[in-house]
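Engineer: this one's structure only:
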């Protein structure tokens with residue numbers, strides 16, 4: 001048996017064992033909602049001086065978590081340094097793969113400020129520039145790094161160290177509902193980016209991207225398939241392309257979701273008008289006739305204009 005045949009056989013056996021493992025592994029719990037987060041959070045503000053700080057307090061689902069935030073304001077922008085510790089593995093809280101740091105501004109928008117802790121939880125640190133004069137901060141468990149609105153699974157939220165009264169506050173947006181998100185297929189490639197790519201594509205599928213964003217959805221799937229193939233390649237150079245391809249699949253999956261969400265929103269708006277365009281009416285009819293798992297993502301899509 002030559003080396004090529006041996007590699008093919010090993011790959012096939014890996015796929016079979018992966019399928020068996022996937023069948024035996026328990027599904028992740030449904031996404032949990034952080035019920036003990038205040039409805040409004042105190043913001044750190046430039047009006048209080050050129051420097052500010054917040055403590056990051058853990059919610060009941062991340063009781064051991066803690067953190068701190070330091071901010072330096074300059075020329076209408078802020079340099080934020082956040083540190084966290086004690087976070088549980090995100091997969092124990094629902095269909096999640098990592099933790100994302102968010103800034104919440106008075107206009108009601110939440111901005112993804114990047115991943116602050118990975119799939120094992122624990123501790124993390126992130127330095128980022130925020131284009132705002134005042135903002136609040138939360139840390140949420142998320143299925144992938146490219147999310148554009150926070151999940152309701154808040155692990156940490158900012159509180160002022162020494163409240164003086166009268167500090168500006170902002171509401172906490174809970175834009176995504178992953179409680180119905182299916183478990184992504186498992187095929188043995190357990191890179192965190194592979195897991196995130198599968199989640200991104202699964203979310204896009206639930207959002208109706210197969211129908212309403214077919215090109216972007218197909219592109220995301222092709223990138224993921226190429227990443228999975230590259231991960232098992234014999235050539236080191238080819239294996240090195242696996243993670244960049246997986247990362248691209250995450251971004252393309254989120255792009256497909258946003259396109260599908262936009263089509264749903266446009267169709268719903270135009271179909272409410274008596275003289276709606278025929279094309280919009282057709283889209284609205286198709287959306288109404290779609291299986292419930294395709295229509296449900298309207299609860300997943302953002303309710304604000306800042307991040308569809």
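Structural biologist: That came through, no problem. No experiment lies behind these values; they were computed from the predicted model shown. Numbering: from 1, shown residues only.
Engineer: so which bits of the helix or strand containing residue 129 are buried?
Structural biologist: Here residue 129, judged by DSSP states H and E, is contained in strand 122-130. The neighbour-count check on strand 122-130 (16 or more other C-beta atoms under 10 Å) flags 124, 126, 130 as buried. Backbone N, C-alpha and C define where each C-beta goes, glycine included.
Engineer: who are the packing partners of that strand?
Structural biologist: Counting contacts by 3 or more C-beta pairs under 8 Å, 6 or more residues apart in numbering; DSSP states H and E, strand 122-130 packs against strand 77-87, strand 98-104, strand 110-117.
Engineer: now the strands for the stretch 1-150 of the chain?
Structural biologist: Assigned by DSSP state E, counting those that start in this stretch, the strands in the stretch 1-150 of the chain fall at 40-42, 44-45, 51-58, 66-74, 77-87, 98-104, 110-117, 122-130, 134-142.
Engineer: present the ones you listed as JSON lines; the columns should include mean pLDDT and distance to residue 232.
Structural biologist: Formatted as JSON lines, these follow (pLDDT from 0 to 100; distance: least, C-beta to C-beta, whole Å):
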{"stretch": "strand 40-42", "mean pLDDT": "85", "distance to residue 232": "46"}
{"stretch": "strand 44-45", "mean pLDDT": "88", "distance to residue 232": "47"}
{"stretch": "strand 51-58", "mean pLDDT": "92", "distance to residue 232": "39"}
{"stretch": "strand 66-74", "mean pLDDT": "94", "distance to residue 232": "38"}
{"stretch": "strand 77-87", "mean pLDDT": "95", "distance to residue 232": "32"}
{"stretch": "strand 98-104", "mean pLDDT": "96", "distance to residue 232": "24"}
{"stretch": "strand 110-117", "mean pLDDT": "96", "distance to residue 232": "26"}
{"stretch": "strand 122-130", "mean pLDDT": "96", "distance to residue 232": "29"}
{"stretch": "strand 134-142", "mean pLDDT": "94", "distance to residue 232": "28"}
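Engineer: I'd like to know which of these is closest to residue 197.
Structural biologist: strand 98-104 (12.7 Å; C-beta to C-beta).
Engineer: for stretch 59-76, measure first residue to last.
Structural biologist: Length of stretch 59-76, first residue to last, C-alpha to C-alpha, to the nearest Å: 31 Å.
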